[in-house]
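[1] Pasted the sequence and its predicted model underneath.
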Amino acid sequence: MIVGGGVSSCHAGIWNHLLKACLPGRPIGILSTASDEPLESSGNSAARINREFGDGSAVAVPLGGVDGDTHNAETITLLRRCGGLKSA
């Protein structure tokens, strides 16, 4: 799933729909690709979603800009755990 950064955690109807569409027990992955601070942005988004929709609903994926490493084994494992992805 790809959702623009304008869809914040306050859009409960959208998030309820997206979370129901994910595989059970698998979080939405937050990838901040259009931010000056991608890790901070994705971390903040994941934290808000987890507060509002339950722990484990979202995870921040460390990709984007100079902060990401597409060959990092931990990042690849994290991506494989996700049931959906969100671009913040």
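    Cool, got the structure.
[2] Check the secondary structure at the residue positioned nearest the centre of the chain for me.
    With distances taken as C-alpha atoms, centre = their mean, residue 30 lies nearest the centre of the chain, 1.6 Å away. Assigned state for residue 30: strand (three-state reduction, DSSP: H, G, I helix; E, B strand; the rest coil).
[3] That one against residue 45, yeah?
    Yes - here residue 30 lies in contact with residue 45, judged by C-beta atoms under 8 Å, at a distance of 4.8 Å. C-beta: built from backbone N, CA, C; applies to glycine.
[4] mind listing the strands in this structure by residue range?
    Per DSSP state E, the chain has strands spanning 28-31, 58-60, 84-87. These are given in chain order.
[5] Just give me the lowest mean pLDDT stretch among those.
    Lowest mean pLDDT of the strands of the chain: strand 84-87, a mean of 55.
[6] I'd say residue 18 and residue 28 touch.
    Yes - because the distance of 6.4 Å satisfies C-beta under 8 Å, residue 18 is recorded as touching residue 28.
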